[in-house]
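Asker: kindly return the folded structure for what I paste below:
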Amino acid sequence: MQLVDLKPDDPSVRELFAEIDRLMNTLYPIASDQSLALEELNQPNVRAVGLRNEEGIVACGAIVKQFDKTLYGELKRLYVKPQYRGKGLSKRIMQILLHYAGDAQIPLIRLETGVKQEKAINLYESLGFERCERFGLYRDNPLSVFMSLSLNKE
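Answerer: Here you go, the predicted structure:
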């Protein structure tokens, strides 16, 4: 598998984002959607990567640099196509993104996920993420789980 940067004009990226959106829309009300938009991939504060094989992009994830009293990176669009799950690809994407965050001196990683995504929550907890209060522009939502991970070496 090849590591690639996600570009909004790549048909494989558009297809993958549409697949993610369809899944999220079956799990949660559309009004709850706070996903990274395809057009945002070109923004200078976004680092988005994928793993590509002969079938296209099969796993992806992104970090968006944000500032809310402190600099942080928000994890977005972590996804692995169903037929590739259980092969460690989400953990590999996470390691790449966390390495990038360390190089970019981002001291804190935050994320919002949904209560129905237990495997994702378990993955984040296995990487050291802890539940936290809502952040940024998110509103209180009983369907949301907020998590954070400090990258400070203190």
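Asker: for this protein, which segments count as helices?
Answerer: 11-27, 89-103, 118-126 (DSSP state H).
Asker: what's the angle from the biggest strand by length in the chain to helix 89-103?
Answerer: In terms of residue count, the longest strand belonging to the chain (DSSP state E) is strand 56-67. Counting by axes from the mean of the first three to the mean of the last three Cα atoms, to 10 degrees, strand 56-67 lies at 30 degrees to helix 89-103.
Asker: now strand 56-67: mean pLDDT?
Answerer: Averaging the model's pLDDT scores along strand 56-67 yields 94.
Asker: strand partners of it, parallel vs antiparallel please.
Answerer: Taking DSSP bridges as the criterion, strand 56-67 forms sheet pairs with strand 46-53 (antiparallel), strand 71-80 (antiparallel).
Asker: below-threshold pLDDT in the protein: ranges please.
Answerer: When residues are selected by pLDDT under 70, those of the chain lie in 28-35, 153-154.
Asker: let's see it at 80
Answerer: Applying pLDDT under 80 to the chain picks out residues 23-36, 153-154.
Asker: what residue is smack in the middle of it?
Answerer: By Cα atoms, centre = their mean, the chain has its centre lying nearest to Lys76, at 2.6 Å.
Asker: verify the stated contact: that one with Leu38.
Answerer: No: using Cβ atoms under 8 Å, Lys76 is not in contact with Leu38; the gap is 11.8 Å. The C-beta positions use only the backbone N, C-alpha and C, and glycine is treated the same way.
Asker: about what we covered before: what are the bridge partners for the residue nearest to the centre of the chain, then?
Answerer: Assigned bridge partners for Lys76, using DSSP bridges, are Ala62.
Asker: tell me, how many neighbours does Asp68 end up with?
Answerer: 11 (other Cβ atoms under 10 Å).
Asker: so what's it up against?
Answerer: By Cβ atoms under 8 Å, 6 or more residues apart in numbering, Asp68 lies in contact with 135-136.
Asker: torsion angles phi and psi at it?
Answerer: phi -150, psi 80 (degrees, to the nearest 10).
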